[in-house]
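1. structure of the sequence below:
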Amino acid sequence: MASQQVTLAQKDRKAFQDLLSCYELKQLTRGRKVADQILKKYPDHGETMCMKGLILVHLGQRDEGIKLIREGMRKDLTSHICWHVWALVQKGEHKYEEALKSYMQALRFDKDNFNIIRETSVLQTQTRAYESLVESRVHMLRLRPSVRAHWVGLAVAYQLSGNLVEAKRVLEHFQNLLREGPVNDAEYSEFLLFHVHVLEDLGHLQDALAFLDKKSKDRYIVDRTATHTFRARILSKLKNTNKGSPQAAEWNTRAESEWRALLDLNPECSDYYRAVLANQGIDLDDLDEESRTKALELLSDFSVHFPKAYAPRQLALTVAQDDKFRELVQPYIEMALSKGIPSLFSDLKKLYGNPFKCQAIEEIVEDIRASSLVDQASPPEPAEYLWTLYFLAQHYSFLGRHQKALEILNLAVEHTPTLPELYMTRAKLLKRAGDPYGAVRSMDEARKLDGQDRFINTKSGKYRLRAGMVDEAEEIFGLFTRKGAATPGADLTEMQALHYLVEVGDAYRRIGKLNLALKKYYAIQKVFEAFREDQYDFHQYSIRKTILLPYFDMLKWEDEVHSHPTYVHAVVSAARIWIELHDDPSLGKSLQPSSETTDASKKALSKAKKAAHRGNDPSQESQDAANKKVSNQSEDKGLDAPIPKDEDPDGVKMVLADDTLERAAKFLATLKESGKRNIDACLANFDVATRRKKYLQAARALVHAHALNAQHPELHLRVVQFGKTVSSVSDSIARSVKSVLHETLTALKSEEISLDVFTSQYLQSHSTSPSAILACAQAYEFLGNPAEDVESLLFTTLKDNIGLSVEDALRILSYLQRVKSTRAEEFRIACDNKFELSTVFKSSDEQAALRQQCLLDEKEDCDDVETL
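-> Reported below is the predicted structural model:
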């Protein structure tokens, strides 16, 4: 129970006001002294205790300060200052929901405190409490109606809450209050564009168009590109929604003019060309012969009008078919090869989904190559011949014809041995063919040809990670990271280099260091948490500076940030590791460092400390320590909670956790709605839920996965597992749950057929898919079929009519080894013979020798690395 509130005398109230001023001016040492003076006379004054605690938090004495704040709050629970202080501390710890509750409590006791209302509105935006945000913005406007930012903030709040009618009313009312807005003012221009945006979202298209025309004519709207974009989009909508209107023709003409004006500004934007075509009733995703011909005519006109633009030519290649495609693509390829454009293959490979186009491109480039060899009277330019070989090598490698691609690359290297792109392409080819160490060596050759190129160095490091050479990769990354960092990896983590974190996490997972892989995946989670935190400062800034449309885009991006492929990959990979640790608890123990390793690490750390100490002046060290102590006593550390020291940097304690499935479920839960749109996340959710005996969650995950891809091989396996699980637990679950599970299973599989027949039917319809064959083999094994039958089924993937890739073969081999099949070695040897360029199917001794040879090559190049 709170004690009686202490009232300060008049003189001491002035001292308390002085304390508040000291805090606002960041005079922390003086503020602490003032607080001590007040508490000497009034030791139970809650507000002073809270203010002193807040100052202590700023000075770095966080635990002591928070304890004092809690005591002060108990002394006076009806003080808005106490609740405000506590909210500031919670906000510094990023506990935004809790901080918002404290601010609301503070407003109960001082409802018109503008600072508290403003901070509350920011937190309401951060937590997406838009209905409450409207109330706060209305309150702020009533307190200070003369400030433009409060009118803007209220309109934004209505927009975010979905009340566009009120947003429109606020914007119009504010403009009526202005006698005349500033001309050529960027902030006011953004405000008016926001008004147009609200009118467009409301469907008041003619009002939006009239408003936009008037304000741009009067030079109130200064963003030329935005003006054209809004006008073109609104006119197109008017034409499409009012086709019977007498103004439809005028709107169509004006829309055409606006889209063409945008093309004049940026002729490389393919969206503008699509919009021009759509304005004429041509949908590039749904073409018939007539519309295709018309589209090609228009794109041809654009190619003439914009002779340097590539976008209309690229779209024309997408649209064209048969002989017309050949007619267009041949000069396109010849021009690019003569100019020596390295990105030509990247430009054209999106067309390879059409077999005719793929074959036509191959024939055209091969004809160019053959003609250059036959015509001795007028030999081709050396560069053109080189880029022709380069294109063909990429082409055949992409199609999986690695041997032919390698032969062409060897010719190109003989022709020009100093072009890094050739070695990079050979590295990619060897990687695809299953030779990671050869890929590392080839990429290193490219790196040595241009040692200052950060991209090639990064690629070289990435290929080392793919080969499991993590330490060697860090040496390469260290060439371009901060020299004062503890390790290159630590600097890249600090720089939020997601591509590095993903690759190194996957590398650790492949070589079995699950503890380190988990640490990297959770480091990715921290990066995305930082993304979420970074938006906080923009809620107030964007409204004050009237940067509204980009602000809305940022909010939408933040709301979908957890759907980012990198984050989804990290979550699913971490969940898979947690499942492995649950299924085999001995894995965690096997990852613990041995006593010899621990002793060696301690000795290395001690040696490093001694070396660092010898390099420093002891007197200087003591002086620096004294200066640091004095500085720390008065330095403002801020309210943000300090980053806790990582007591488990290698994750060896993490992998011993007893709640592996709970951790996996918690990580997967962060995906929220985006997890329902990714089939890998759905399958991981099913695996975790089944092991946790959360059968309704498992059923829900299967339904979501089925909606995404009903024929996915992994989904078929999960349906079989679900069917057997449902039949085995039917007697131990509630009748209502049993009913739901049976309904779900019936929706996924016909009730009349057994699981064996269901698998046989699936195998029949996907008999040439290695992934499907593997899934069916796993299903048969799960259903208790003989091991000989399962192995025989897997060996059918070696037939010529099955498109077995290196990745599929590795998955099958891994499965055979996991179930301790007696034919695993036979399958490995067969794959080694099938994939001639591959080394991943060599024996463990042979692979160890290849790795050692690669490391020796690295050692020989060490001097080159140091000189860069």
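2. name the residues of stretch 283-300 that come out as buried.
-> Across stretch 283-300, burial judged by 16 or more other Cβ atoms under 10 Å covers 284, 287, 291-292, 294-296, 298-299. Just so you know, the C-beta spots here come from the backbone N, C-alpha and C atoms, and that holds for glycine as well.
3. check contacts around the residue nearest the centre of the chain.
-> Centroid check for the chain by Cα atoms, centre = their mean gives H564 as the closest residue, at 3.3 Å. Residues near H564 by Cβ atoms under 8 Å, 6 or more residues apart in numbering: F528.
4. mind running it again at 10 Å?
-> The contact partners of H564, taken as Cβ atoms under 10 Å, 6 or more residues apart in numbering, are 498, 524, 528, 531, 557, 570, 674.
5. so which of those residues are in strands?
-> When DSSP state E is applied, the contacts of H564 are split such that none fall in strands.
6. so which of those residues are in helices?
-> Among the contacts of H564, the members falling in helices (DSSP state H) are 498, 524, 528, 531, 557, 570.
7. isn't the third one right up against H569?
-> Spelled out, it's F528. No - distance between F528 and H569: 11.9 Å, which falls outside the contact criterion (Cβ atoms under 10 Å).
8. need the overlap of contacts for those two.
-> Common neighbours of F528 and H569, using Cβ under 10 Å, 6+ apart, are L498.
9. between the buried residues of stretch 283-300, which is nearest A681?
-> The shortest distance between A681 and any of the buried residues of stretch 283-300, using Cβ to Cβ, involves L284 and amounts to 31.7 Å.
10. after the host helix or strand of E474, next one along is what?
-> When elements are assigned from DSSP states H and E, E474 belongs to helix 470-477. The helix or strand immediately downstream of helix 470-477 is helix 488-494, counting by DSSP H and E.
11. what two of the contacts of H564 are the furthest from one another?
-> Within the contacts of H564, W557 and A570 form the most distant pair, 18.3 Å apart (Cβ to Cβ).
12. make TSV out of the ones in helices among the contacts of H564 and add distance to Q27 and neighbour count.
-> Listed next are the ones in helices among the contacts of H564 as TSV, based on distance: Cβ to Cβ, whole Å; neighbours: other Cβ atoms under 10 Å:
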residue	distance to Q27	neighbour count
L498	42	19
I524	41	23
F528	38	19
F531	35	16
W557	40	12
A570	45	27
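13. now, among those residues, which is nearest to L265?
-> For L265, the nearest member of the ones in helices among the contacts of H564 is W557. The distance, counting by Cβ to Cβ, is 24.6 Å.
14. do you know how far the closest one is from A129?
-> Shown here: W557 relative to A129, a distance of 19 Å by Cβ to Cβ, to the nearest Å.
15. do I234 as well
-> Plainly put, I234 is 32 Å away from A129 if you go by Cβ to Cβ.
16. the two: which is more packed in?
-> Counting neighbours by other Cβ atoms under 10 Å for I234 and for A129 shows that I234 has the greater number, 24 against 19.
17. now that one: how far from E166?
-> Distance check for I234 against E166: by Cβ to Cβ, it reads 22 Å.
18. where does the stretch 551-700 of the chain dip in pLDDT?
-> Counting by pLDDT under 70, the stretch 551-700 of the chain contains low-confidence ranges at 595-634.
19. got the residue ranges for the helices in it?
-> 565-583, 586-590, 595-614, 618-634, 660-669, 679-691, 695-708 (DSSP state H, counting those that start in this stretch).
20. what's the answer for the stretch 201-350 of the chain, then?
-> Counting by DSSP H, counting those that start in this stretch, residue ranges of the helices within the stretch 201-350 of the chain are 205-217, 224-241, 248-265, 270-279, 289-305, 311-319, 322-339, 344-348.
21. in the second one, which residues are buried?
-> Taking 16+ other Cβ under 10 Å as the neighbour-count basis, helix 224-241 is seen to contain the buried residues 226-239.
22. so which pair among those is furthest apart in space?
-> The span of the buried residues of helix 224-241, defined through Cβ to Cβ, is set by A226 and K239 at 20.4 Å.
23. low-confidence regions, the stretch 251-400 of the chain specifically.
-> Of all residues in the stretch 251-400 of the chain, those with pLDDT under 70 make up the ranges 374-380.
24. could you pull up phi and psi at G803?
-> phi -80, psi 70 (degrees, to the nearest 10).
25. gap between E662 and L8?
-> Taking Cβ to Cβ as the criterion, E662 is separated from L8 by 50 Å.
26. those two: which has the busier surroundings?
-> Neighbour comparison, E662 and L8: the larger count goes to L8, with 16 against 13 (by other Cβ under 10 Å).
27. show the contacting residues for that one.
-> Under the criterion of Cβ under 10 Å, 6+ apart, the contact partners of L8 comprise 14-16, 38, 41-42, 45, 47-48.
28. quickly name whichever of the residues you listed is closest to V729.
-> Where the contacts of L8 are concerned, and distances follow Cβ to Cβ, V729 has its nearest neighbour in E47, at 59.0 Å.
29. can you report how many residues lie near that closest one?
-> If you count neighbours by other Cβ under 10 Å, E47 ends up with 26.
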